[in-house]
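>>> Below are the sequence and a predicted model for it; my questions follow.
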Amino acid sequence: MAQRSSRAGVLNGLSYALIIYGVMMASCAIFQVKFEGSYQAAALFAGLVSAFLMRGVSFSMPWQLGRPGSAGTRLLWLWLAVVIALILTGFFAELGEDLSRRVLAAWIVGVPVTFLLAHVLLRYGLLRIVPGLAKNRSAVILFVNDAARNLVARAPTAGYDLVGYFEDRDPSRTGGKLEGLEQLGAVRQATEYVGKNGIEVVFICLPEGAFERGIALINELGDTTASVFYVPDWYIFNMMSAQFYDIQGVPVLEVIETPFYGVDGVLKRLFDILFASVVLLLSIPLILLIALAVKLDSKGPVIFKQYRYGLNGERFYVHKFRSMTVMEEGEEVEQVSRVDPRVTRVGRFLRRTSLDEWPQFWTVLKGDMSIVGPRPHAVAHNEFYRRAIQGYMTRHKVKPGVTGWAQVNGYRGETQTLDRMEKRIEYDLQYIRDWSPIMDLKIILLTAVMIFKDENAF
């Protein structure tokens, strides 16, 4: 186990060193400077130091620049340290007088940018397309509870092959067995099994009040080469993916957080601006035609606006082409039904094809919405469902979207029953938990396809 971790660290370090060396070569080529002498020496020095300092930062870690302990934050500070070390070495050794400042500037800025691109390519590209590139680790689970069931559902996609589980209690006390896994014996037999079978990871899903027993198990498993993870049986793990972070030596548990923090947030905002700008520019004739049709079809303004809750629960105006004869805004707002007399003739077509949503691209440009995210609900509906559905307001940790994961999974339109809204919220929280740039593109493509066949659009 230690040998494999050491090899992974060496591979990480060499990868960063090669990137640093390659970016220097590219910088020289851009400014038509020969890559030789001092340039080679600087790249080699920085690469060797970085190979040592950065060996513990895996390419498969989430980037999340700005978040304590994240790959992006650690790499940025480490690269800054390498640059400072290089400058000090050059100053005291009186070297580097012949180096181009433009080449150095391009190199210093280009390295962290290339680090980011490499992380995005591997984490959201290669590992998803070819998951076999990352070898799964064998694992067992100790104790059965809700945390263990969540683990069973998610561990295979996170790089773990679950072999089975250990439990002393009768299934009637634990809510049943772990579906799809074999019970390998009682918990007291786990240490022997792990040692004999070379199990690489042990997940201890402690029942409430079993802390002392957990410590004893950790001590026993210390006699094996397995990695040991403690999985608390807290209901919050059902809601979001909790993660531990270190804040100046103080470990904290992230329970509810936005995925769009730091660089990820910047990338999503840039995509929103680019996509919305292109759509609006290309559809100017269509927008004018729709505005004329709405005006001629019925009395009232062309644009309908209504308060919605957005990021962090702050209010904003959502804009749509008016599709109804009423402009409801208050404590009670009736949802649109399939046969609703309030919907105009033009409005029915606009709603069926989602063209009534087109002005929301302007709201995206303003920054109140995103292209992809949980769909915003009327304030009256928001106030009702936040009391009726646990975790409902968590969807406001991200900007609302023109389209969303729930909508492309069949939960668009009227929510006649509470369980249907609960399912929509479940998909919204899954989006926040599993977000990636690839997921956004997938939702956009599915939305385009569904415009022509969505039975829930009316």
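Received the coordinates, thanks.
>>> could you dump the helix or strand hosting residue 75 to CSV, C-alpha only?
Assignment of secondary structure by DSSP states H and E places residue 75 within helix 71-92. Extracted C-alpha coordinates of helix 71-92, given in CSV (Å, rounded to 0.1, in the frame of the first residue of the first chain):
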residue,chain,number,x,y,z
ALA,A,71,-6.0,21.1,-5.3
GLY,A,72,-6.3,24.6,-6.8
THR,A,73,-5.4,26.4,-3.6
ARG,A,74,-2.5,24.1,-2.8
LEU,A,75,-1.0,24.2,-6.3
LEU,A,76,-1.3,28.0,-6.6
TRP,A,77,0.6,28.6,-3.3
LEU,A,78,3.2,25.9,-4.1
TRP,A,79,3.8,27.4,-7.5
LEU,A,80,4.1,30.8,-6.0
ALA,A,81,6.7,29.4,-3.6
VAL,A,82,8.6,27.8,-6.5
VAL,A,83,8.7,31.1,-8.4
ILE,A,84,9.9,33.0,-5.3
ALA,A,85,12.6,30.4,-4.8
LEU,A,86,13.7,30.7,-8.4
ILE,A,87,13.8,34.5,-8.2
LEU,A,88,15.9,34.5,-5.0
THR,A,89,18.2,31.9,-6.4
GLY,A,90,18.7,33.9,-9.6
PHE,A,91,19.2,37.1,-7.6
PHE,A,92,21.9,35.8,-5.2
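>>> just use 760 as the starting number from now, easier for me
Happy to do that; since the first residue is 760 now, the last one works out to helix 830-851.
>>> Report the rounded mean pLDDT for that helix.
Mean per-residue pLDDT for helix 830-851: 84.
>>> Also stretch 938-945?
The model assigns stretch 938-945 a mean pLDDT of 92.
>>> And stretch 771-787, by the same measure?
For stretch 771-787, the per-residue pLDDT values average out at 91.
>>> Spell out the residue ranges of the strands in the stretch 810-959 of the chain.
896-901, 919-925, 941-944 (DSSP state E, counting those that start in this stretch).
>>> so of the ones you listed, which one's packed in deepest?
With neighbours defined by mean count of other CB atoms under 10 Å, none of those is more surrounded on average than strand 896-901, at a mean of 23. From N, CA and C alone the C-beta is placed, and that goes for glycine too.
>>> helices and strands of this protein: which one has the lowest mean pLDDT?
Each helix and strand of the chain was given a mean pLDDT (mean pLDDT, DSSP states H and E); the minimum falls on helix 995-998 at a mean of 49.
>>> ok, longest helix in this protein?
When secondary structure is assigned using DSSP state H, the longest helix within the chain turns out to be helix 761-789.
>>> Return the set of buried residues in that one.
By 16 or more other CB atoms under 10 Å, the buried positions in helix 761-789 come out as 768, 771-772, 774-776, 778-780, 782-783, 786-787.
>>> try stretch 864-877
Of the residues in stretch 864-877, those buried under the neighbour-count criterion (16+ other CB under 10 Å) are 865, 866, 867, 869, 870, 871, 873, 874, 875, 877.
>>> what's the closest of the residues you listed to residue 1045?
Lowest distance from residue 1045 to these (CB to CB) belongs to residue 875, with 36.3 Å.
>>> quick one: that closest one and residue 831, what's the gap?
Note on residue 875: its distance to residue 831, by CB to CB, to the nearest Å, is 7 Å.
>>> Same check on residue 1054?
From residue 1054 over to residue 831 the distance is 49 Å, taken as CB to CB.
>>> who has more neighbours, these two?
Each of residue 1054 and residue 831 had its neighbours counted (other CB atoms under 10 Å), and the higher figure belongs to residue 831 (23 against 14).
>>> State the distance from the more buried one to residue 1190.
For residue 831, the distance to residue 1190 - CB to CB - is 22 Å.
>>> Next: residue 956.
With distances taken as CB to CB, residue 956 is found 38 Å from residue 1190.
>>> out of the two, which sits in the busier spot?
The neighbour count for residue 956 versus residue 1190, taken as other CB under 10 Å, is higher for residue 1190 (23 against 13).
>>> Run a quick neighbour tally on the nearest residue to the more buried one once chain neighbours are set aside.
With CB to CB, 6 or more residues apart in numbering as the criterion, residue 1190 has its nearest non-adjacent residue at 3.9 Å, and that residue is residue 1164. For residue 1164, the tally of surrounding residues (other CB under 10 Å) stands at 27.
>>> State the pLDDT value of residue 1164.
What the model reports for residue 1164 is a pLDDT of 93.
>>> wouldn't it be in contact with residue 1189 here?
Yes: the pair residue 1164 and residue 1189 passes the contact test of CB atoms under 8 Å, sitting 6.4 Å apart.
>>> Check residue 1146 and give its pLDDT.
Taken from the predicted model, the pLDDT recorded for residue 1146 is 83.
>>> Would you check how far apart it and residue 1120 are?
Here residue 1146 is placed at a distance of 32 Å from residue 1120 (CB to CB).
>>> Which one of the two is surrounded by more residues?
Neighbour totals were compared for residue 1146 and residue 1120, and residue 1120 leads with 21 against 9 (other CB under 10 Å).
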